[in-house]
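Undergrad: Need a 3D model of the following:
(chains A and B)
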2 protein chains.
Amino acid sequence: MSNSTAPMNGAESLVRTLLESGVDTCFANPGTSEMHFVAALDRVPGMRCVLGLFEGVVTGAADGYARIADRPAATLLHCGPGLANGLANLHNARRANSPVINIIGDHATWHRQYDTPLTTDVEGWARPVSVWTRTATEAGAVGAAAAAAIQAACAAPGGVASLVLPSDASWNTGGQVAAALPAIPAPRVSPDVVHKVARTLRSGRPSLLLLAGRALAQDALADAHRIAAATGAQLLCPVQNARIPRGRGRFEIERMPYFGDAARARLAGIADIILVGAPAPANFFAYPGKPSRPCPDDATIHVLARPEEDLADALRRLAEELAAPPLAPPEIAPVAELGTGPLTSAAVAQSLSALLPEQAIVVDEAATFGHAFYPGTRHAAPHDWLQNTGGAIGHGLPMALGAAVAAPGRRVIALQADGSAMYTPQALWSMARERLDVTVVILANRKYAILQHELASVGATAGATAMSMLDIGNPDLDWVQIATGMGVEAAKAETMERFNELFAMANHRPGPFLIELVV
Amino acid sequence: MSNSTAPMNGAESLVRTLLESGVDTCFANPGTSEMHFVAALDRVPGMRCVLGLFEGVVTGAADGYARIADRPAATLLHCGPGLANGLANLHNARRANSPVINIIGDHATWHRQYDTPLTTDVEGWARPVSVWTRTATEAGAVGAAAAAAIQAACAAPGGVASLVLPSDASWNTGGQVAAALPAIPAPRVSPDVVHKVARTLRSGRPSLLLLAGRALAQDALADAHRIAAATGAQLLCPVQNARIPRGRGRFEIERMPYFGDAARARLAGIADIILVGAPAPANFFAYPGKPSRPCPDDATIHVLARPEEDLADALRRLAEELAAPPLAPPEIAPVAELGTGPLTSAAVAQSLSALLPEQAIVVDEAATFGHAFYPGTRHAAPHDWLQNTGGAIGHGLPMALGAAVAAPGRRVIALQADGSAMYTPQALWSMARERLDVTVVILANRKYAILQHELASVGATAGATAMSMLDIGNPDLDWVQIATGMGVEAAKAETMERFNELFAMANHRPGPFLIELVV
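TA: Numbers count the residues shown, from 1 in each chain, chains lettered A, B, ... in the order given. Sure thing, here's the model as predicted:
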């Protein structure tokens, strides 16, 4: 243990500063340049460290953790290439506005000039995913930089703060622990904006509130429902969302359809679209000869609140301005019957609805086969629904890992497409090591089904070579063996009956379990 | 099949241009924005496509392919996050000077403004690993851009050329096939430089030729040995090298030691260091209180040839200037006995030496346990030795995949540390799908052994928390199950006898086989 009179190195000041600000969890994949940080973990009690065997696991876990804990975890990555391996899930975290303290060890400041093999442009790679990027070039600057990173990551709407830590800044003495900086409150929208949006909603034209981020929290969503009930406005959220608390007894929110044609049909006739923390609707991808915006051409887009503003406050004040009466919570529907018969998306959704444990955390990277899951679990036990917000697949298993670390006692259910699961299967090992209560359901259709659909959507025709690029059978992946090889117990289901049995069992046993559902 | 009168889209012009320039292999992990490229693969015969289930597999395979085929393969990656997942192995390819045609599909040009989820700074992420980066913004520009990319990638010493392909440039008509551009010859070093280096070598001071890249080809290395024999100069190559042809009957080259103290001891007394395509020696990492350069403080560094110059020509002319007599090829030593007894690095090296098939391709990401492998296989059958040049681990299995695609009929031997293997285990599936002749030896020490060493090197002390970050047991990975789950047959060895038996068997059966060697 260090004491107050021993000189402190930069690494120790970093660990102590993180703890001062309440960052007590670190997802790590360290290398040589991070050894002093690793050593400091033993001198300073209180930091929970979770090892990932690949950096995409580390960064995706930090995202999942932040969404559930509502405060950031730290990452620990090794040099530019370690950061590079974590970028895709940092991109997803950025799109989720998740706070992440992204720590990247690097060469000693005086070593960079030699351009040794691992040298690369660390800040350059970090910047596109970060709201804040800084290199702490000396030990005495590390603590203050870490405190600033935490403040920046937590400022609404939240984001990735990347702190590059040269190894000499880690090992040199002169480290200074920095106190937590004050949280930056989300600004309130002006009364004028609330007033204008209220006037628009009173016009009687068909209108839509598009809600995202913290506008999906139950208190904010209750106010949105008040507004909808008082004005006839419709409510939608984007296709992908960071976290939606939902289930029986809670206010529901419908998601925008994924495909452009369906989104356009859904929005037909809407005259006013009011954004509450959401971007203006745009299709995920472009298609030849089709517009990128699914909105009616004559719709007007209004902004009630930008993502960085206080969304719940804006909705509350809008509801008050409209004198919208409070609503009773939705009625509680009876528990669904188990799904039976053919193994369809709807049947699985029905079983999920029946069997989802109270306060489950559902991580949805189910892709094509999962289309019925969200609507079909409307009346399941209360739960949180987490999605891949940035479109970089390979997010689900790491996010499930991080969510489980954030919420001991809550079951995490990872609904996971097989193709996407193969980007970051290493997350299974960390779940086993940490004995986390995660049920992984691999939806094994053995193809990139979404791409087979997209190939048709873009008007392309395909023969054998092209189709072989979209088919991940030949050989079939055996998820039971892959999971067992990483220390996670697993079993295969090829019928609804077997799935129901395994899913019920898995959710009531401690530790992770994987079900390969052959669909 | 398209014919000459049908309008051609940009994607088809890309495939045809690649084939015109001899690029007939594509490692791919496509997404929606690449669907027209995928569709074009069926209309244009001649492109071999290999699917990777993760982009790090794709880019590492392209690197391995280029090192063995001596010409580039193409990659096909999906948007910024797909590129991000491939960056670490592109970083390694950059450090190997491997030519790679790195194709990244992206949103349609007119769609980017909507900042939909996958939108990011593709060029910004590509540039640090690329010698050439361009976005082809219209169909008519795609062919010319591809031809320019190939020319740039192949210009000595070779590098990654990144071509960003917006989906509208792919699907719009107006594609123009571009003819192959002339290869850019490596410039010859000036006579004055050769003369000066010859004078230095004649001085009688202790000198060292540090050889890298094409200076390690056997014809160039033979000239280096002539120079050494005539002048007393020593010969070394860097710690990590893209490709070293070696084995019995071939001229050998000793590698610089990895650790700084050992390198410094090795270079003690050297007065003149002559670089032949190599950077000046520098330690891989910095250590507190130690210099980054392992050279004697009073050594002089000379440059015979830079990496982009004609290294073989420079060595030939230097040998002639020194009137160094030709040397007979080295004598052929008898085949080694099999290693027996305790499972040590030296014992495994002895078995490798005895059992390596003729013309094997050895991919060395063996890390700590592999320290005896390179020196111990000096007299093995003729083979190529490929290493991780950039220090971004997770390179071995993908590189073995690419090397096997490049060299049908040659056995690829992947000597693979377990920790590093876990970064890109998906490569196993592609080996199974393509039925490639790869023997994977997983060296399962169940820890980040190099980091346990480094923790001591940097003077840090560690307790339980720190050590848990450097230990990848608990639970142990079961590589036999992981491999079998991905379609690769596998078996475990815990003794030298069992290893010898499995290794001999594996090398003589078609298709991939994995041996988990518990060390």
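Undergrad: buried sites along the lengthiest helix in chain A?
TA: When secondary structure is assigned using DSSP state H, the longest helix within chain A turns out to be helix A:79-96. Using 16 or more other Cβ atoms under 10 Å in any protein chain shown as the burial criterion, the residues of helix A:79-96 that qualify are A:79-96. Where C-beta positions appear, they are placed from N, C-alpha and C, glycine not excepted.
Undergrad: Show me what that helix is packed against.
TA: Helices and strands in packing contact with helix A:79-96 are listed as helix A:55-69, strand A:74-78, strand A:100-106, helix A:122-126, strand A:130-135, strand A:160-166, helix B:79-96; criterion 3 or more Cβ pairs under 8 Å, 6 or more residues apart in numbering or on different chains; DSSP states H and E.
Undergrad: what's the angle between it and strand A:74-78?
TA: Orientation of helix A:79-96 against strand A:74-78 (axes from the mean of the first three to the mean of the last three Cα atoms, to 10 degrees) gives an angle of 150 degrees.
Undergrad: Poorly predicted segments of the stretch 1-150 of chain A, please.
TA: By pLDDT under 70, the weakly predicted segments of the stretch 1-150 of chain A are A:1-5.
Undergrad: 80 instead, please
TA: By pLDDT under 80, the weakly predicted segments of the stretch 1-150 of chain A are A:1-6.
Undergrad: any idea which element A:Ala230 lies in?
TA: Assigned by DSSP states H and E, A:Ala230 falls within helix A:218-231.
Undergrad: The next helix or strand after that helix packs against which elements?
TA: The C-terminal neighbour of helix A:218-231 among helices and strands, as given by DSSP H and E, is strand A:234-236. Under the contact criterion of 3+ Cβ pairs under 8 Å, 6+ apart, the helices and strands touching strand A:234-236 comprise strand A:207-211, helix A:218-231.
Undergrad: how about the helices and strands packed on helix A:79-96, which one is nearest A:Trp429?
TA: Proximity of the helices and strands packed on helix A:79-96 to A:Trp429 was assessed by Cβ to Cβ; the nearest stretch is helix A:55-69, lying at 8.5 Å.
Undergrad: Next, the angle helix B:79-96 makes with the closest one.
TA: With the same axes, to 10 degrees applied, the angle from helix A:55-69 to helix B:79-96 works out at 150 degrees.
Undergrad: From the chain's centre, how far out is helix A:55-69? Work that out for me.
TA: 7 Å (Cα atoms, centre = their mean, to the nearest Å).
Undergrad: List the buried residues in the helix or strand of chain A with the lowest mean pLDDT.
TA: Confidence across the helices and strands of chain A bottoms out at helix A:449-457, with a mean of 83, counting by mean pLDDT, DSSP states H and E. Buried residues in helix A:449-457, counting neighbours by 16+ other Cβ under 10 Å, are found at A:Ala449, A:Ile450, A:Leu451, A:Gln452, A:Glu454, A:Leu455, A:Ser457.
Undergrad: From those residues, list the ones also adjacent to chain B.
TA: A:Ile450, A:Leu451, A:Glu454, A:Leu455, A:Ser457 (Cβ under 8 Å from any Cβ of the partner chain).
Undergrad: Indicate which one of the helices and strands packed on helix A:79-96 is closest to B:Ala347.
TA: Comparing the helices and strands packed on helix A:79-96 by their distance to B:Ala347 (Cβ to Cβ), the top pick is helix B:79-96, with 29.3 Å.
Undergrad: Alpha carbons only: can I get that closest one in PDB?
TA: What follows is helix B:79-96 as a C-alpha-only set of coordinates in PDB (Å, rounded to 0.1, in the frame of the first residue of the first chain):
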ATOM      1  CA  CYS B  79     -17.700   1.100 -43.900                       C
ATOM      2  CA  GLY B  80     -15.600   2.800 -41.300                       C
ATOM      3  CA  PRO B  81     -16.200   0.300 -38.500                       C
ATOM      4  CA  GLY B  82     -15.400  -2.600 -40.800                       C
ATOM      5  CA  LEU B  83     -12.100  -0.800 -41.600                       C
ATOM      6  CA  ALA B  84     -11.600  -0.200 -37.900                       C
ATOM      7  CA  ASN B  85     -11.800  -3.900 -37.200                       C
ATOM      8  CA  GLY B  86      -9.100  -4.500 -39.900                       C
ATOM      9  CA  LEU B  87      -6.700  -1.700 -38.800                       C
ATOM     10  CA  ALA B  88      -4.500  -3.600 -36.500                       C
ATOM     11  CA  ASN B  89      -3.500  -6.100 -39.100                       C
ATOM     12  CA  LEU B  90      -3.200  -3.400 -41.700                       C
ATOM     13  CA  HIS B  91      -0.800  -1.800 -39.300                       C
ATOM     14  CA  ASN B  92       1.200  -5.000 -39.300                       C
ATOM     15  CA  ALA B  93       1.000  -5.100 -43.100                       C
ATOM     16  CA  ARG B  94       2.300  -1.600 -43.200                       C
ATOM     17  CA  ARG B  95       5.300  -2.500 -41.100                       C
ATOM     18  CA  ALA B  96       5.900  -5.500 -43.400                       C
END
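Undergrad: and the angle from it to strand B:100-106?
TA: Between helix B:79-96 and strand B:100-106, the angle formed by their directions is 170 degrees, by the same axes, to 10 degrees.
Undergrad: Strands of the stretch 151-300 of chain A, start to end?
TA: If DSSP state E, counting those that start in this stretch is used as the criterion, the strands of the stretch 151-300 of chain A fall at A:160-166, A:207-211, A:234-236, A:244-246, A:272-276, A:300-305.
Undergrad: Single out the most deeply packed of those strands.
TA: Of all the strands of the stretch 151-300 of chain A, strand A:160-166 carries the top mean neighbour count, a mean of 28, counting by mean count of other Cβ atoms under 10 Å in any protein chain shown.
Undergrad: So is it next to chain B?
TA: No: under the criterion of Cβ under 8 Å from any Cβ, strand A:160-166 makes no contact with chain B; the nearest approach is 8.8 Å.
Undergrad: Partner strands of that strand and their direction?
TA: Pairing partners of strand A:160-166, with direction, according to DSSP bridges: strand A:100-106 (parallel), strand A:130-135 (parallel).
Undergrad: picking up where we left off before, for the helix holding A:Ala230, buried residues please.
TA: By 16+ other Cβ under 10 Å, the buried positions in helix A:218-231 come out as A:Ala220, A:Leu221, A:Ala222, A:Asp223, A:Ala224, A:His225, A:Arg226, A:Ile227, A:Ala228, A:Ala230, A:Thr231.
Undergrad: now what about that helix, what contacts it?
TA: Counting contacts by Cβ atoms under 8 Å, 6 or more residues apart in numbering or on different chains, the residues outside helix A:218-231 that touch it are A:201-202, A:207, A:209, A:211, A:214-215, A:233-235, A:245, A:250-251, A:253, A:276, A:311-312, A:315-316, A:318-319, A:322-327, A:329.
Undergrad: swap the cut-off to 6 Å and go again
TA: Helix A:218-231 has contacts (Cβ atoms under 6 Å, 6 or more residues apart in numbering or on different chains) with A:201, A:209, A:211, A:235, A:245, A:250-251, A:311-312, A:315-316, A:318-319, A:322, A:324, A:327.
Undergrad: next one: stretch A:257-265
TA: Contact partners of stretch A:257-265, identified using Cβ under 6 Å, 6+ apart, comprise A:Val239, A:Met256, A:Arg266, A:Asn283, A:Lys290, A:Pro294.
Undergrad: With adjacent residues omitted, what lies nearest to the residue of the stretch 301-450 of chain A found nearest chain B?
TA: Of the stretch 301-450 of chain A, the residue with the smallest distance to chain B, taken as Cβ to the nearest Cβ, is A:Ala392 at 3.4 Å. In this structure, A:Ala392 finds its nearest non-sequential neighbour in B:Pro81, 3.4 Å apart by Cβ to Cβ, 6 or more residues apart in numbering or on different chains.
Undergrad: That neighbour and B:Arg293: what is the separation?
TA: 38 Å (Cβ to Cβ, to the nearest Å).
Undergrad: now do A:Ala280
TA: According to Cβ to Cβ, A:Ala280 stands 56 Å off from B:Arg293.
Undergrad: quick one: which of these two has more around it?
TA: Neighbour tally, A:Ala280 and B:Arg293, criterion other Cβ atoms under 10 Å in any protein chain shown: the higher count belongs to B:Arg293, 18 against 14.
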